[in-house]
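A.B. asks: Structure for this input, please:
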Amino acid sequence: MAGKQSWRNLLFLHWPVPVDELRPLVPQELTLDPFDGQVWVGLVPFRMHAVHPSWLPEKLALDFLECNLRTYVVYKDRPGVYFFSLDASSRLAVWAARLGWSLPYFYAQMRESTADQKIRYQVKRTNRARLDLTYRVGDELPASKPGSPEFFFLERYLLFSKRRGQMRCGQVHHMPYPANSAEVLAIDDGLISAAGLSQPAGPPTYAHWSPGVDVEVFELKANPASSP
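C.D. replies: Prediction:
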């Protein structure tokens, strides 16, 4: 195990995107993973808590905001995610993730606030890409089952990246997400277009919220094997 962290107050927003736009942005070794006959981009703002490598005492752990933009893929029969970008409010976290994980992290000014049961989440990257959204948490949902959108979008435990021409796989372990519905009240997003995709014309097709999970993180491995 490489480290531990807790993910809190997660919002999962998903839009369908054209295959011909998405395919050139994803390494050819990865197969696009469709749901309901469409491929998807996911925007996930949340709070990172108690982030630390396994050798570092928890009292020295980092807390920061993060927002990732991702899609869903399969590699050697193993489903996972591929990240277009990950914004974080910690320069140290960005440096460590870029160096150790070869992930496209960016430092950004970020803020999360709550008022009148509404949550506002803001991201401002140095290249002017930004996100400003306001949402409300809805009703609690039953445990996700295979075939449901909650299971497809939320229960992903592998990430894939490509470094120096070689595919790598990282793995996380955590309990299944407890989830609620969510209502997006306002959104001004530039992160999707910054990744090279057309900006969605309307609100997300799916919106879910989770209070969070505690996570064990494992090191990236080169040439990940297929499932047994």
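A.B. asks: Kindly list the longest strand within the protein.
C.D. replies: Secondary structure of the chain read by DSSP state E shows that its longest strand is strand 206-222.
A.B. asks: tell me which residues of it are tucked away?
C.D. replies: Neighbour counts using 16 or more other Cβ atoms under 10 Å place 206-210, 212-213, 215, 217-218, 220 of strand 206-222 among the buried residues. (C-beta placed from N, C-alpha, C; glycine too.)
A.B. asks: With distance to Ala2 and pLDDT added, can I get those residues in TSV?
C.D. replies: Listed next are the buried residues of strand 206-222 as TSV, based on distance: Cβ to Cβ, whole Å; pLDDT from 0 to 100:
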residue	distance to Ala2	pLDDT
Tyr206	31	98
Ala207	31	98
His208	27	98
Trp209	27	98
Ser210	23	98
Gly212	20	97
Val213	17	97
Val215	11	96
Val217	5	92
Phe218	6	90
Leu220	9	83
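A.B. asks: Which pair in the residues you listed has the greatest spatial separation?
C.D. replies: Greatest spacing in those, by Cβ to Cβ: Ala207 and Leu220 (30.3 Å).
A.B. asks: secondary structure element for the residue lying closest to Arg91 once chain neighbours are set aside?
C.D. replies: Spatially, and ignoring its direct neighbours in sequence, Arg91 is nearest to Tyr107 (5.2 Å; Cβ to Cβ, 6 or more residues apart in numbering). Per DSSP states H and E: Tyr107 is located in strand 105-115.
A.B. asks: CA atoms only: put that strand into CSV for me.
C.D. replies: Output in CSV follows, covering the C-alpha atoms of strand 105-115 (Å, rounded to 0.1, in the frame of the first residue of the first chain):
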residue,chain,number,x,y,z
TYR,A,105,-2.5,17.5,-12.0
PHE,A,106,-2.9,21.3,-12.1
TYR,A,107,-2.6,23.8,-9.2
ALA,A,108,-5.8,25.9,-8.9
GLN,A,109,-7.3,28.4,-6.6
MET,A,110,-10.3,26.5,-5.1
ARG,A,111,-13.1,27.2,-2.7
GLU,A,112,-16.0,25.3,-1.2
SER,A,113,-18.8,27.0,0.8
THR,A,114,-22.2,26.1,2.2
ALA,A,115,-25.2,28.4,2.8
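A.B. asks: which helices and strands does the helix or strand bottoming out on mean pLDDT in the chain pack with?
C.D. replies: Ranking every helix and strand in the chain by mean pLDDT, DSSP states H and E puts helix 91-101 at the bottom, with a mean of 85. If contacts are counted by 3 or more Cβ pairs under 8 Å, 6 or more residues apart in numbering; DSSP states H and E, helix 91-101 sits against strand 62-75, strand 78-88, strand 105-115.
A.B. asks: list the buried ones in it?
C.D. replies: Those would be 93-94, 96-97, 101, for helix 91-101 by 16+ other Cβ under 10 Å.
A.B. asks: Stretch 106-126 now?
C.D. replies: 106-108, 110, 112, 119, 121-125.
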